[in-house]
Each structure stands twice: as C-alpha cells, then as structure tokens.
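[1] Quick one: sequence plus predicted model below, questions after.
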Amino acid sequence: MDRQPILQDDSVILTPLRSDEFEELLSVSSDPLIWAQHPNPDRWQRDVFRTYFDGAIASDGAFMIRNKASGTAIGSTRFYDHDADASEIKIGYTFFSRDQWGRGTNQRVKRLMLDHAFAHVKQVIFHVGADNLRSRIAMQRLGAQLIGELEVAYFGELPKKNVVFRITAP
C-alpha cells in the first residue's frame with residue numbers, strides 16, 4: 001500500500017509531508033487552542049512540535065494538508081502501523097487550523113484517506129485522546145465504531161489514555 005499518495009478533492013489536497021515544511025506547518029500548529037483537548041496540550045510549542053514533526057517524517061505516511069484553491073497549509077495527518085496480515089492501517093495524528101473547524105474539512109480529508117485505504121485493507125483504526133471530545137465527535141460523524149480503550153505512546157512521548165475507533169470497508 002502506498003502510504004503517501006497525493007489525495008485531493010475539489011477543496012483540499014494532501015501531499016507527502018517534506019522535511020523542509022517544518023516552519024510552515026509549525027505556523028499552523030502554534031495555536032494553543034488546537035491542542036487544548038489533546039493528550040499533549042503543549043504540542044503548539046516549537047520543541048514539542050518538533051518531536052511530532054520528526055515522528056511524522058519518520059512514519060513515511062504523513063501528509064501536509066492544503067487548501068486546494070490557495071495552496072495554504074491547513075493541517076497534517078498520517079497513515080501509520082500498516083498491518084497487511086490483519087488487513088488494517090491506522091489514521092491519525094491529525095490537526096487542522098481553527099479556521100477549518102466546523103467546515104467539513106476533517107470529513108473530506110478522512111474520506112479521501114479511507115477511500116485510498118479501503119483499496120488495500122479491510123479496516124482502519126483511529127486512536128483518539130480519551131478527553132478529546134472534538135475528535136471523538138468527529139469519529140462518530142464518520143460512522144466509526146468505538147471499540148475500546150488503550151494506552152498509546154505517541155512518537156517520542158509518554159503513553160496516554162486513548163479510545164479506539166474502527167471503520168470497516170464497505
């Protein structure tokens with residue numbers, strides 16, 4: 001499975017995240033309110049975000065998300081932990097600039113990723129911070145099924161309590 005294809009619709013384009021895009025993505029992520037419900041609420045800080053970004057590059061599955069019309073960076077997401085034997089992949093580490101909240105951007109991005117994933121796997125798993133109500137609601141809107149709880153260690157960070165959602169191929 002190609003974990004970094006170019007994915008796009010009429011309003012967003014996802015391209016493989018490049019190491020030279022750190023400053024641009026940092027400028028999107030530097031709003032503390034983006035991370036207020038996240039298990040790592042300090043991710044808006046440069047040094048903490050550097051760990052997130054380094055993990056994104058190392059994952060070989062991360063994307064820069066841009067507004068298609070303007071080319072402006074609006075967030076990031078990634079595919080990770082592909083398990084061909086289990087016919088499963090995870091989608092996560094997603095964040096958007098606040099000007100994208102409530103506009104359907106997350107659903108459009110996740111639909112593009114799900115459509116691509118389901119050409120190769122039977123299920124997609126999402127780890128969501130247990131207290132991240134905004135992301136939990138977003139998962140429900142996508143039709144994801146809550147299947148459990150798990151301690152998850154994000155790249156370079158201590159484990160945090162997450163809830164686990166699943167979407168299976170149609």
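    Structure's in. What do you need? Residues are numbered from 1 along each chain as shown.

[2] got the contact list for stretch 57-64?
    For stretch 57-64, contacts defined as C-beta atoms under 8 Å, 6 or more residues apart in numbering pick out 3-4, 7, 14-19, 21, 24-25, 56, 73, 76-80, 82, 93, 155. Where you see a C-beta, it was placed from the backbone N, CA and C, and this is true even at glycine.

[3] let's see it at 7 Å
    3-4, 14-17, 19, 21, 25, 56, 73, 76-80 (C-beta atoms under 7 Å, 6 or more residues apart in numbering).

[4] Now that stretch - C-alpha only, CSV.
    Coordinates of each C-alpha in stretch 57-64 appear next as CSV, following Å, rounded to 0.1, in the frame of the first residue of the first chain:
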residue,chain,number,x,y,z
ILE,A,57,8.7,12.4,8.7
ALA,A,58,9.9,9.0,10.2
SER,A,59,6.4,7.5,9.7
ASP,A,60,6.7,7.6,5.9
GLY,A,61,2.9,8.1,5.9
ALA,A,62,2.4,11.8,6.8
PHE,A,63,0.7,14.4,4.8
MET,A,64,0.6,18.2,4.5
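
[5] Which positions in stretch 146-153 come out as buried?
    residue 152 (16 or more other C-beta atoms under 10 Å).
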